[in-house]
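1. 3D, please:
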Amino acid sequence: MATKILKSAGRFGARYGKRLKSKLLSVETLQKKKQVCPYCMRPAAKRLAPGIWLCKKCNMKFTGNAYTVK
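-> Sure thing, here's the model as predicted:
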């Protein structure tokens, strides 16, 4: 059998189906990349918890959506 690499969703192996794993992969890639800070407009905001973001440049802690700042 051929195995496919599903990046971070590959940790589930053969369970849960392709569609669910691809949706999870799209959400995880959005939440893990650096977002644009609404205060200094630089891509330096990292996710601390669901809805809580911290900008590494201006050191502002703010709220946003669960997976993205927007």
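
2. what ranges do the strands span in the chain?
-> Secondary structure of the chain by DSSP state E: the strands cover 35-36, 43-49, 52-55, 61-63.

3. do you know which of those lies nearest Lys23?
-> Nearest of the strands of the chain to Lys23, taken as CB to CB: strand 43-49 at 18.2 Å. From N, CA and C alone the C-beta is placed, and that goes for glycine too.

4. partners of that closest one, with directions?
-> With DSSP bridges as the test, strand 43-49 is paired with strand 35-36 (antiparallel), strand 52-55 (antiparallel).

5. please produce JSON lines containing those, extended by distance to Ala45.
-> Formatted as JSON lines, these follow (distance: least, CB to CB, whole Å):
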{"stretch": "strand 35-36", "distance to Ala45": "4"}
{"stretch": "strand 52-55", "distance to Ala45": "5"}
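
6. any chance of those in CSV, plus mean neighbour count, distance to Lys18 and mean pLDDT?
-> Shown next, in CSV, are the strands paired with strand 43-49 (neighbours: other CB atoms under 10 Å; distance: least, CB to CB, whole Å; pLDDT from 0 to 100):
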stretch, mean neighbour count, distance to Lys18, mean pLDDT
strand 35-36, 18, 28, 96
strand 52-55, 18, 31, 97
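
7. wait, which of those strands is closest to Thr68?
-> The nearest among the strands paired with strand 43-49, by CB to CB, is strand 35-36 at 6.2 Å.

8. how far off centre is the closest one?
-> Its chain's C-alpha centre and that of strand 35-36 lie 11 Å apart, by CA atoms, centre = their mean, to the nearest Å.

9. make CSV out of the strands of the chain and add distance to Gly10.
-> Below are the strands of the chain laid out as CSV (distance: least, CB to CB, whole Å):
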stretch, distance to Gly10
strand 35-36, 25
strand 43-49, 21
strand 52-55, 27
strand 61-63, 32
